[in-house]
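Engineer: Sharing a model that was predicted from the sequence below.
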Amino acid sequence: MHNQEPQVYKWLVKSGSILLFRDSDKIHLELDKETSESCLLTKEDAESLISIITTLAEAIWNSPSYIKEPYQGQLFKTADELVYWDLGQPMLYAGFNVNEQAIAINYSGDAVLKISVNYAVELIQILTHFCKQFGV
């Protein structure tokens, strides 16, 4: 019963696609940026992504085998108009692209990110913040 296949979400966004699923006690995040430097999200894309990440993070948090890591304070940093997380080798970036009227998500390094619950919570908060910039 514990060998169930993970629920996989592949979300087609304004530009590119995002693949998400639970991988043990982390969230697997993979971007397909097609021809642009970043995945671009509409407000609706971002709201759906927030919902999916929340569902995955809650499932990890509520798992009896998950060892909860205390939140030690702000994990993200800012530079110019970007918010970013240093995840060791890869860096995850998020920002609001005014020209495209979209939230841009990008990362450097490996093609796959494994995000812990604490990072996922901050990503949800930042995406929620950027959602407020639509229509401003």
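Structural biologist: Thanks, I have the structure now.
Engineer: His28: helix or strand, and which one exactly?
Structural biologist: Secondary structure from DSSP states H and E places His28 in strand 26-32.
Engineer: Could you name the helices and strands sitting against that strand?
Structural biologist: strand 17-23, helix 43-61, strand 102-108, strand 113-115 (3 or more C-beta pairs under 8 Å, 6 or more residues apart in numbering; DSSP states H and E). C-beta coordinates here come from the backbone N, C-alpha and C atoms, glycine included.
Engineer: right, and these - which one's nearest Asp80?
Structural biologist: strand 102-108 (12.5 Å; C-beta to C-beta).
Engineer: Sort out which residues of the closest one are buried, please.
Structural biologist: For strand 102-108, the neighbour count (16 or more other C-beta atoms under 10 Å) marks Ala102, Ile103, Ala104, Ile105, Asn106, Tyr107 as buried.
Engineer: from the residues you listed, which is closest to Ala94?
Structural biologist: Ile105 (5.3 Å).
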